[in-house]
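structure, please.
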Amino acid sequence: MTAVIAMRQSSPSKVIHVATDTLAVAPDGQRHLVPKTYTIPHAKAALVIMGTSDAAIGVLEAMSKGADTFDALAGNLVSAMRFVTAPHIGIDP
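Here you go, the predicted model:
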């Protein structure tokens with residue numbers, strides 16, 4: 001289970017603070033500390049992952065291609081998820 005806390009600060013400047021836990025449990029039961037928040041400064045965005053960290057990097061890379069705004073990132077989400085999950089479910093992305 002991942003804990004995600006997002007806080008909006010409106011004064012003196014508009015800022016979003018994102019905090020997550022870093023605990024991940026491997027399939028063999030071993031516990032690891034991993035990053036779950038990835039910042040995308042050029043699009044003024046952050047991606048918080050709840051799932052495998054390997055998938056996180058793939059989603060982040062696929063979402064970021066050609067995206068320079070938050071709306072462009074959000075527009076790439078569905079295709080990014082298809083790209084990352086397709087090899088595991090046997091379909092062509």
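
what ranges does this structure have for its strands?
Taking DSSP state E, the strands of the chain run over residues 4-9, 15-20, 23-25, 31-33, 37-40, 45-48.

distance to G58 added to those strands, as CSV?
To be clear about C-beta, it is placed using only N, CA and C from the backbone, and glycine gets the same treatment. Output for the strands of the chain, formatted as CSV (distance: least, Cβ to Cβ, whole Å):
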stretch, distance to G58
strand 4-9, 20
strand 15-20, 19
strand 23-25, 16
strand 31-33, 18
strand 37-40, 12
strand 45-48, 11
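
quick one: low-confidence parts of this structure?
Residue ranges of the chain with pLDDT under 70: 1, 51-54, 87-93.

who's sitting farthest from the centroid in the protein?
In the chain, counting by Cα atoms, centre = their mean, P12 sits farthest out from the average C-alpha position, at 27.6 Å.

can you list phi and psi of it for me?
Taking degrees, to the nearest 10, you get phi -80, psi -20 for the backbone angles of P12.

what separates it from P35, distance-wise?
Per Cβ to Cβ, to the nearest Å, P12 is found 28 Å from P35.

got it, and V25?
Taken as Cβ to Cβ, the span from V25 to P35 is 15 Å.
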